[in-house]
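Enquirer: Next one to model:
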Amino acid sequence: MKRKIFILHEIYGVNDFIKMQAEAYSNANTTVECISLYSDNRIFPYEQEQEAYEYFINEVGFDAPLEKITKIILEARTHYDEVLLIGFSVGATLAWRLSTLPLQGVVCVYGSRIRQYLDVIPSCPTLVILPSHEKSFNVHELKETFNPFPSVHTRQYLGQHGFMDFNNPNYHYGSFLQSRTEISQFFDIKQGGLCNEPK
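Expert: Model (predicted):
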């Protein structure tokens, strides 16, 4: 069985964290591709969080990338038995909005803006991974809104937005391991590398 996984990045771009996620889910049957939402493939350092956020909102946003990514996904569906999508942060919100496409699974990792698109009803199995706390909204309330969605599975782990990224100040090693295991089980794939990440 041939499988394709697409990864949608955070506001920082396709940085080392995103590349390492691609390596983690690659195996003999699985090809992983990171889709850059930035036309110039720029990467922002973590210290420029505000600049990265403003650039994403002003230059990209949550609408413009949908058509491009949809075409990429539909093209992949003609070549692969399974096509899956993982998004982190803003990428998770985009992944949520794309969960109505003919995909075999979608994972949304701390996509805080999903709360603005609850009119979307995923048509494929969708895993939503949430932190225990977000600055801008009540995570528990958002989690409860997913209960009526039959295809949505939610998991909540200790930490704040960014807890899976070992370069992020909010990195939480235990929650990273739990999330990675959960994603691998959700996609039913054997975990790859990343065993020696810093604690």
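Enquirer: mind checking which helix or strand of the protein has the lowest mean pLDDT?
Expert: Least confident helix or strand of the chain, by mean pLDDT, DSSP states H and E, is helix 139-145 with a mean of 93.
Enquirer: So which bits of it are buried?
Expert: Residues of helix 139-145 classed as buried by neighbour count (16 or more other Cβ atoms under 10 Å): 139, 142. The way it works is simple: take the backbone N, C-alpha and C, and place the C-beta from them, glycine included.
Enquirer: helices or strands up against it?
Expert: Contacts defined by 3 or more Cβ pairs under 8 Å, 6 or more residues apart in numbering; DSSP states H and E place helix 139-145 against strand 126-133, strand 152-160.
Enquirer: just for the chain, where's the confidence low?
Expert: 190-199 (pLDDT under 70).
Enquirer: mind listing the strands in it by residue range?
Expert: With strands called from DSSP state E, the chain shows them at 3-8, 30-35, 82-88, 105-109, 126-133, 152-160.
Enquirer: Nearest residue to the middle of the protein?
Expert: residue 87 (1.7 Å; Cα atoms, centre = their mean).
Enquirer: List the contacts of that residue.
Expert: 7, 8, 93, 94, 95, 96, 106, 107, 108, 109, 111 (Cβ atoms under 8 Å, 6 or more residues apart in numbering).
Enquirer: Quick check on residue 121: phi, psi?
Expert: Residue 121 adopts backbone torsions of phi -120, psi 100, taken as degrees, to the nearest 10.
Enquirer: my read: it touches residue 97, true?
Expert: No: distance between residue 121 and residue 97: 11.2 Å, which falls outside the contact criterion (Cβ atoms under 8 Å).
Enquirer: Comparing those two, which shows the higher neighbour count?
Expert: Neighbours were counted for residue 121 and for residue 97 using other Cβ atoms under 10 Å; residue 97 has more, 26 against 13.
Enquirer: Next up, the contacts around that one.
Expert: With contact taken as Cβ under 8 Å, 6+ apart, residue 97 is in contact with 62, 66, 117, 120.
Enquirer: let's see 10 Å
Expert: For residue 97, the contact set (Cβ atoms under 10 Å, 6 or more residues apart in numbering) comprises 62-63, 65-66, 69-70, 87, 106, 108, 111, 113-114, 116-117, 119-120, 122.
Enquirer: same thing with residue 66?
Expert: Counting by Cβ under 10 Å, 6+ apart, residue 66 touches 94, 97, 98, 101.
Enquirer: Check the gap between the residue nearest to the centre of the chain and residue 47 for me.
Expert: Note on residue 87: its distance to residue 47, by Cβ to Cβ, to the nearest Å, is 23 Å.
Enquirer: My guess is residue 64 contacts residue 37. True?
Expert: Yes: if you go by Cβ atoms under 10 Å, residue 64 and residue 37 touch, sitting 8.8 Å apart.
Enquirer: Comparing these two, which shows the higher neighbour count?
Expert: Neighbours per residue, other Cβ under 10 Å: of residue 64 and residue 37, the larger number sits with residue 37, 23 against 10.
Enquirer: ok, that one - contacts?
Expert: 8-11, 13-14, 56, 59-61, 64-65, 68-69, 90-91, 94.
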